[in-house]
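Student: Pasting the sequence and the predicted coordinates here, then a few questions.
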Amino acid sequence: MNIPNLFACFLLIAWPLAQQVNARPNDLSQTTDSLNHKRLKAVLIGGSIAYGAASVTLYHAWYKNYDLGPFHTYNDSGEWLGMDKAGHFYATYAESELAARLARWTGFSPQKAAWLGAGTGMLIQTTLEVMDGFSEKWGFSWTDMAFNAAGAALFLAQELSWKDQKIRLKGSARRSTYPEGTVFSLDRKSQTTLKARGQALFGQGPVHNFLKNYNATTTWLSINPASFTSRSAPSAKIFPVWLNIAIGFGAENLYGGYHNTWTGTDGAVFELSEDLYPRYHQYFLSIDIDLSKIPTKSKVLKTLFTSLNWLKIPAPTLEWNTLGKFKGYVLY
């Protein structure tokens, strides 16, 4: 089990505390070269409150309606065409970066802050995996842990090597649309719609779309070409410092973990035709903006830009999918 784009509320609450490195010496938002115990206390208290609020949200979104049992593992490596794994990858990366920024703000050195950030990201995700391990619906997944580690490692390796995130993980979600028409059970005695099935699985509305709708979310590698070249090179005129190239990963027609088969509340079994509703991967190519690299002296804008920098900016996009089809979008 996974919550794609995990703890979005945690990021939105805590991220603005870690901004504006070039602020005045007595400004609360400026990083320091020695440990500031007041800031450390504020981060620990604020982080605990945000983590608690996110945990309550998580409980109501995922665990509330399922029984608990003995701790157990579960191999879910083939579920949801890998969309849940992309969510783990993205979530741990975002949590690691946030925690590192907060650690840097309290006065830890850049290297120590990077390690603390990656460790915090792994701690959060491991806590969630343990919660999964006691849920009879899911279980502790070693595959999930591998993608958690990959997300933390992507952040840590860049921070230690470059002191910069030249390759960012970002997320996006679009409005869910479902095919019209009635779906009958195998015995033809019950019926439903794909909209009803989708809402039962993923909920409805923009928050649920972003948090857990595998058909609506896309995970992006947002790469900053300018950071890989000298500013005196000819390519520097082609790629502004804030312009990124984004490669996205998504999926469509997912109405079950492994197959589009499910049992209704009345015990009726439904199975979608693979010919009519094939499950497939989507790969995207787009442009993006690294908001942290937009030059501005405004503290408000700096905070806003960095608070939104874990979201992919809507932009013209090309899609190729495993059905062998190409699509273009003016904005995706």
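Tutor: Now that the structure is in, tell me what you want to look at.

Student: Next, the contact list for Ala149, please.
Tutor: Counting by CB atoms under 8 Å, 6 or more residues apart in numbering, Ala149 makes contact with 92, 122. The C-beta positions use only the backbone N, C-alpha and C, and glycine is treated the same way.

Student: tell me which element it is part of?
Tutor: helix 142-162 (DSSP states H and E).

Student: How about Asn65?
Tutor: Using DSSP H and E, no helix or strand contains Asn65.

Student: Now it. Its backbone dihedrals?
Tutor: With angles defined as degrees, to the nearest 10, Asn65 sits at phi -100, psi 10.

Student: That one: neighbour count?
Tutor: Using other CB atoms under 10 Å, Asn65 has 7 neighbouring residues.

Student: My understanding was that Leu81 contacts Pro278; is that so?
Tutor: No - counting by CB atoms under 8 Å, Pro278 is not a contact partner of Leu81; they are 11.1 Å apart.

Student: Distance check, the nearest residue to Pro179 once chain neighbours are set aside against Arg174.
Tutor: Excluding its sequence neighbours, the residue lying closest to Pro179 (CB to CB, 6 or more residues apart in numbering) is Leu194, at 5.3 Å. The gap separating Leu194 from Arg174 is 16 Å, by CB to CB, to the nearest Å.

Student: Find the helix or strand that Leu40 is a member of.
Tutor: Counting by DSSP H and E, Leu40 is part of helix 37-58.

Student: Quick one: mean pLDDT over that helix.
Tutor: When pLDDT is averaged along helix 37-58, the result is 83.

Student: list the helices and strands that helix packs on?
Tutor: In this structure, helix 37-58 packs against helix 8-14, helix 83-106, with contacts taken as 3 or more CB pairs under 8 Å, 6 or more residues apart in numbering; DSSP states H and E.

Student: Just to be sure, Trp262 is in a strand?
Tutor: Yes - going by DSSP: H, G, I helix; E, B strand; the rest coil, the assignment for Trp262 places it inside a strand.

Student: Pull the contacting residues for it.
Tutor: With CB under 8 Å, 6+ apart, Trp262 has these contacts: 197, 255-256, 269-270.

Student: Please tell me how far it sits from Ser172.
Tutor: According to CB to CB, Trp262 and Ser172 sit 27 Å apart.

Student: Sheet-wise, list the partners of the one helix or strand Asp288 maps to with their directions.
Tutor: Taking DSSP H and E as the definition, Asp288 sits inside strand 280-289. Strand pairing for strand 280-289, determined by DSSP bridges: strand 243-252 (antiparallel), strand 317-321 (antiparallel).

Student: List the contacts of the last one.
Tutor: The contact list for strand 317-321, computed with CB under 8 Å, 6+ apart, reads 248, 252, 280-286, 326-329, 331-332.

Student: The residue nearest to Pro179: what's it in contact with?
Tutor: 178-179, 181, 183, 255, 272, 277.

Student: Quick check: next helix or strand after the helix holding Ala149?
Tutor: That would be, after helix 142-162 and using DSSP H and E, strand 167-173.

Student: got the contact list for Tyr214?
Tutor: Contacts of Tyr214 by CB under 8 Å, 6+ apart are 4, 80-81, 83-84, 202, 251, 254.

Student: Now do the domain split for the chain, please.
Tutor: 1-163, 166-332 (automatic domain parsing).

Student: neighbour-wise, which of Leu81 and Pro278 wins?
Tutor: Using other CB under 10 Å as the criterion, Leu81 and Pro278 rank with Leu81 on top: 22 against 14.
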